[in-house]
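> Starting from these lines, generate the structure:
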Amino acid sequence: MTDTLTTALEKVHHGLGQGGVLDQIDKLFRKQQRVNLFEKLEKIGKNELEDFPVVLYKIIPQNGKKHPAVLRFHLPSWKGHDEIFWQSLGDYVILAVHRVKDVEFDRDRGRLKVEYFAKTKGRIKYPEDIAEIIQKIAFLVDTEGLPTDFTRFRRMTERRGSLGEMSKEQAALIGAALKLVEI
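Just a heads-up that it's a prediction; the model follows:
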């Protein structure tokens, strides 16, 4: 942990990056978390996953860099699981897939929707790769191999509908309306 933080601070000090210092450290730390998560995922054998089916039933491809790809999954063994487990699954999907725009779930029907921008390089290129990752994460969360107190997904859902989620045009309209109200 100390080595990771020291490495992150050195990279922030000597390199370029977007955001403030704390944001840059957070990004570097998440990168290390992603590496650790994939190390755990690679240790899981196919025979362990038999009781955790994940069905990819709908794919809407990405439209350039304007609209993200949409994947819909069905997790029959997760029907009725408590929201804390679904939020935790969303947290780890965001961490693993990395370019996720949004994750939604329906715990009563056991469904998960992931919006993301696909990568052309790396280990996650195809929807089937994401299905396998979700299956392994679901297994680890269900068997308590991963903690359920991660919070990135919860922050994303809290931000929904807030100023941080608005487009530039929407924010400009609200700003103009507030100026008119002040006059």
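> Walk me through the domains of the chain.
1-43, 49-150 (automatic domain parsing).
> which of the ones you listed has the lowest average pLDDT?
For these, mean pLDDT drops lowest on domain 1-43, to a mean of 75.
> OK, contacts around the closest residue to G145 other than its chain neighbours?
Of all residues not flanking G145 in the chain, K40 sits nearest, at 6.9 Å (C-beta to C-beta, 6 or more residues apart in numbering). C-beta: built from backbone N, CA, C; applies to glycine. Taking C-beta atoms under 8 Å, 6 or more residues apart in numbering as the criterion, K40 is in contact with L140, G145, L146.
> Double-check the second one against K136; I have them as touching.
I take that to be G145. No. Using C-beta atoms under 8 Å, G145 is not in contact with K136; the gap is 9.5 Å.
> mind listing the helices for this protein?
2-14, 21-42, 83-97, 127-142, 152-159, 168-182 (DSSP state H).
> ok, G145 and K136, which is more surrounded?
Set side by side, G145 and K136 show more neighbours around K136, with 25 against 14, by other C-beta atoms under 10 Å.
> Check the spacing between the more buried one and I130 real quick.
Distance, K136 to I130, using C-beta to C-beta, to the nearest Å: 11 Å.
> swap in E39?
Distance, E39 to I130, using C-beta to C-beta: 18 Å.
> higher neighbour count, the two?
I130 (23 against 9).
> In the sheet, which residues pair with the spatially closest residue to I60 that is not a sequence neighbour? Tell me.
In space, and not counting its chain neighbours, I60 is closest to V70: 4.0 Å by C-beta to C-beta, 6+ apart. Beta bridges link V70 to I60, E115 when assigned by DSSP bridges.
> shouldn't V70 be in contact with I59?
Yes. Assessed by C-beta under 8 Å, V70 is found in contact with I59 at 7.5 Å.
> T120 versus the residue nearest to S77 when sequence neighbours are not counted, what's the distance?
Ranked by C-beta to C-beta, 6+ apart and with sequence neighbours excluded, the top spatial neighbour of S77 is F52, at 5.7 Å. Using C-beta to C-beta, one obtains 29 Å as the distance from F52 to T120.
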